[in-house]
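Trainee: starting from these lines, generate the structure:
(chains A and B)
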Amino acid sequence: MPSLTDKAWSPYFAGVIIGLLQIPTFLLMGTALGASSSFVTVGAHLASIVDPGVAQIKYFASHMAGAKNWWQVAIVVGIAVGAFISMSLSGARRQAVSAVWARATGQTSLAARAPIAFVAGFLMLFGARIAGGCTSGHGISGMAQLSVGSTVAVAAMFAGGMLVANLFFKRV
Amino acid sequence: MTVLTGILIGLASGIVFGFVLEKSRVFEPGIIVGQMQLRSFIMLKVFLAAVITGLLVLAVMHGVYGVKLSLKPLVWQADIIGGLVLGAGIALAGACPGTSLAQIGAGYRDAIFVVIGGIAGAITYGYFDAGITAFFAEKGAKVTFDSLVGLPFWMVAVGLAAVLAVFLVVLERMVPWRGEIGADVDGVLPLEETAETGRVGKGAQRA
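Mentor: Got it, this is the predicted structure:
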């Protein structure tokens, strides 16, 4: 039996639990699991501090208020908390930078990773907002709903990721 | 529903989500980059197990009890171009939008910059949303595979779940997950020298 203090669980057991989270999400929130639009909610509120015109832009306005938007922000905050709890129970605390980057790009310091990480995050959310979802919303949720558009988006995500990981990175 | 109720439900789901993301190690940059180089399959295993479970859950909830789906429209250009850009970002980050938060929780510091970059990307998109959607000029209908083949949702969902489950059984036979986790549970496996190809990860030789 998997224990809460284990460092690693079977990917299948973990995946089943993630899939079961769709039950409370559909029943209580009337929507599917997602993550990327929470970045718009947080971003819109941050932008509105310096640009009062943000609330007049339809896209921002539709992400700023209401239970569904703040529910998703709470999801991603909860993800950080849940990962922290799991890591604390198992003792698998991570270094500042994963050892994989030394192999893939030769970077070992946080200073070298930080600018690339920023650009990576930017591309991730800019792309996710063009496509209207990420690995959660299009991937886990869209494919479970037999959505053709989500399946197309997921295929493109893997294609883009494989291109970059094979063209620009050394073998890990 | 009040905002507070939504936040409490989100926190509860999110904590479970983050807990199992950490336990499955799918949030590890080594596992995400390894998946993109086809040297690790943990990400695909977690992903497909979640999709299979979701398919079965919705076969009952939507197929039997009529709970409404929450579908995104099929917009070919936006789905493909957005997906490619997102995928490039996932490889460079070694994370996806959800797992970047799990990385912060588990101690990776570069993930903080991924999240800051993500917020900047989301703000930038928001300013260009009207222009971008006008450029693509796609109406987008909510197309599902069951409607395309003309069969009931539950039947296609259960059928697809079965096909994906068989695929996972075969995949696990070929590449057992315990062999992919690594000594430091980060998906980074020992490198071995080979004469023809130089340094190659263990995953490549097994596959």
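
Trainee: okay, and the residue of chain A found nearest chain B sits in which element?
Mentor: Residue nearest to chain B within chain A: residue A:78 (1.9 Å; C-beta to the nearest C-beta). Backbone N, C-alpha and C define where each C-beta goes, glycine included. For residue A:78, the element it lies in under DSSP states H and E is helix A:67-90.

Trainee: buried residues, that helix. List them.
Mentor: If you call a residue buried by 16 or more other C-beta atoms under 10 Å in any protein chain shown, then helix A:67-90 has these buried ones: A:67-87, A:89-90.

Trainee: next: stretch A:11-30.
Mentor: A:11-12, A:14-23, A:25-26, A:28-29.

Trainee: and stretch B:147-165, by the same measure?
Mentor: Buried positions in stretch B:147-165, judged by neighbour count with 16+ other C-beta under 10 Å: B:153-154, B:156-161, B:164-165.

Trainee: what's the pLDDT at the closest residue to residue A:125 other than its chain neighbours?
Mentor: In this structure, residue A:125 finds its nearest non-sequential neighbour in residue B:121, 3.6 Å apart by C-beta to C-beta, 6 or more residues apart in numbering or on different chains. Residue B:121 carries a pLDDT value of 98.

Trainee: can you name every helix or strand that the helix or strand hosting residue B:121 contacts?
Mentor: In this structure, residue B:121 sits in helix B:110-136 according to DSSP H and E. Contacts defined by 3 or more C-beta pairs under 8 Å, 6 or more residues apart in numbering or on different chains; DSSP states H and E place helix B:110-136 against helix A:37-50, helix A:58-64, helix A:110-131, helix B:76-93, helix B:97-106.

Trainee: can you add mean neighbour count and give those back as CSV?
Mentor: CSV is the format used below for these (neighbours: other C-beta atoms under 10 Å in any protein chain shown):
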stretch, mean neighbour count
helix A:37-50, 21
helix A:58-64, 18
helix A:110-131, 24
helix B:76-93, 26
helix B:97-106, 29
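
Trainee: ok, residue B:4 to chain A distance?
Mentor: Distance, residue B:4 to chain A, using C-beta to the nearest C-beta, to the nearest Å: 8 Å.

Trainee: pull the number of nearby residues for the closest residue to residue A:105 other than its chain neighbours.
Mentor: Leaving out its chain neighbours, the residue that sits closest to residue A:105 by C-beta to C-beta, 6+ apart is residue A:169, at 6.2 Å. Residues lying near residue A:169 (other C-beta atoms under 10 Å in any protein chain shown) number 20.

Trainee: same deal with residue A:168?
Mentor: Close neighbours of residue A:168, defined as other C-beta under 10 Å, add up to 12.

Trainee: now do residue B:124
Mentor: Residue B:124: 16 surrounding residues under other C-beta under 10 Å.

Trainee: how close does it get to residue A:28?
Mentor: 32 Å (C-beta to C-beta, to the nearest Å).

Trainee: how about residue B:104?
Mentor: For residue B:104, the distance to residue A:28 equals 26 Å [C-beta to C-beta].

Trainee: hang on, the earlier thing: restricted to helices, list the buried residues of stretch A:11-30.
Mentor: A:11-12, A:14-20, A:22-23 (DSSP state H).

Trainee: chain B next: which of these are close?
Mentor: Subset of these in contact with chain B: A:11-12, A:14-20, A:22-23, counting by C-beta under 8 Å from any C-beta of the partner chain.

Trainee: now those residues in CSV, with pLDDT?
Mentor: Shown next, in CSV, are these (pLDDT from 0 to 100):
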residue, pLDDT
A:11, 98
A:12, 98
A:14, 98
A:15, 98
A:16, 98
A:17, 98
A:18, 98
A:19, 98
A:20, 98
A:22, 98
A:23, 98
